[in-house]
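Enquirer: no sequence on this one, just coordinates:
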């Protein structure tokens, strides 16, 4: 049996450092942290525990949580725009 297999490379092209808007966080105190839940089981429990830890022990001012429709699709542009405007740091995660 002969045939062709089409493969996709899911990695983004590497950007030159001049293209990246870099911001270094010196600490988390007073910062807003965002989480994007990829809709896998148990991530919500992890995020709740991390949010509590970040606010209680590291002085994070606020945590914003958003959830994707499913793990196999990217976050909607509205979510990306909202979090990029409101957060100092965004963490995407996985459960299971």
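Expert: Structure received. Here the structure is a predicted model, which means the values were calculated and not measured.

Enquirer: Helix or strand next in line after the longest helix anywhere in the chain, which one?
Expert: Longest helix in the chain, counting residues (DSSP state H): helix 43-58. The helix or strand immediately downstream of helix 43-58 is strand 62-67, counting by DSSP states H and E.

Enquirer: any idea of the mean pLDDT for that following strand?
Expert: For strand 62-67, mean pLDDT is 94.

Enquirer: Just give the strands next to it in its sheet, each with its orientation.
Expert: Looking at strand 62-67 with DSSP bridges, its partner strands are strand 32-37 (parallel).

Enquirer: okay, and for this structure, where does confidence drop off?
Expert: Where the chain drops to pLDDT under 70, the residues are 1, 10-23, 94-96.

Enquirer: Next up, the contacts around the closest residue to residue 58 other than its chain neighbours.
Expert: Distance criterion C-beta to C-beta, 6 or more residues apart in numbering; nearest residue to residue 58, sequence neighbours excluded, is residue 28 at 4.2 Å. For every residue, glycine as well, the C-beta is placed using N, CA and C. By C-beta atoms under 8 Å, 6 or more residues apart in numbering, the contact set of residue 28 is 54, 58-60, 89.
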